[in-house]
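1. Next comes the sequence, and after it the predicted model I'd like to discuss.
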Amino acid sequence: MKKYAICLFMLLPSATFAHPGEHAHLGFVAALAHLFEPDHLLFAAITVIASVLAYRAGRRAEARAIEKLVRRPEDRA
């Protein structure tokens, strides 16, 4: 699945921008300042929150799967 998402973003690079507009001709300081604009910070925060939630959900699912495998047959009733 991850492979397909990477291919999609390679084919549609404009989908990775926080907003339309010119991003290529910025100097280093201007580009750095551009990253701290509110729209970029919002999308960064959304990405971090989604990543944390996905990680936690994966850990819970893994724990449930391990618990299911470890249970003894007499406990399954």
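-> Great, that's in hand.

2. what helices or strands is the strand or helix carrying residue 34 leaning on?
-> Residue 34 belongs to helix 28-35 when elements are defined using DSSP states H and E. Applying 3 or more C-beta pairs under 8 Å, 6 or more residues apart in numbering; DSSP states H and E, we find helix 28-35 packed against no helix or strand. Where you see a C-beta, it was placed from the backbone N, CA and C, and this is true even at glycine.

3. what angle sits between the next helix or strand after that helix and helix 28-35?
-> Once helix 28-35 ends, the next helix or strand along the chain (criterion: DSSP H and E) is helix 38-70. Using axes from the mean of the first three to the mean of the last three C-alpha atoms, to 10 degrees, the direction of helix 38-70 lies 60 degrees away from that of helix 28-35.

4. So which elements touch helix 38-70?
-> With contacts taken as 3+ C-beta pairs under 8 Å, 6+ apart, helix 38-70 sits against no other helix or strand.

5. lowest confidence element among the helices and strands of the protein?
-> Least confident helix or strand, the chain: helix 2-11 with a mean of 67, by mean pLDDT, DSSP states H and E.

6. Where does pLDDT dip in the protein?
-> 1-3, 6-26, 72-77 (pLDDT under 70).

7. Let's see that with 80 instead.
-> Scanning the chain for pLDDT under 80 picks out 1-32, 34-35, 71-77.

8. just to revisit the earlier point, pull out the CA atoms of the helix holding residue 34 and give them to me as CSV.
-> Only the C-alpha atoms of helix 28-35 are listed here, as CSV (Å, rounded to 0.1, in the frame of the first residue of the first chain):
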residue,chain,number,x,y,z
PHE,A,28,16.8,29.6,1.5
VAL,A,29,15.6,32.1,4.1
ALA,A,30,12.4,32.8,2.2
ALA,A,31,11.7,29.0,1.8
LEU,A,32,12.4,28.5,5.5
ALA,A,33,10.0,31.3,6.4
HIS,A,34,7.5,29.9,4.0
LEU,A,35,7.4,26.6,5.9
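
9. So which bits of it are buried?
-> Within helix 28-35, no residue counts as buried by 16 or more other C-beta atoms under 10 Å.
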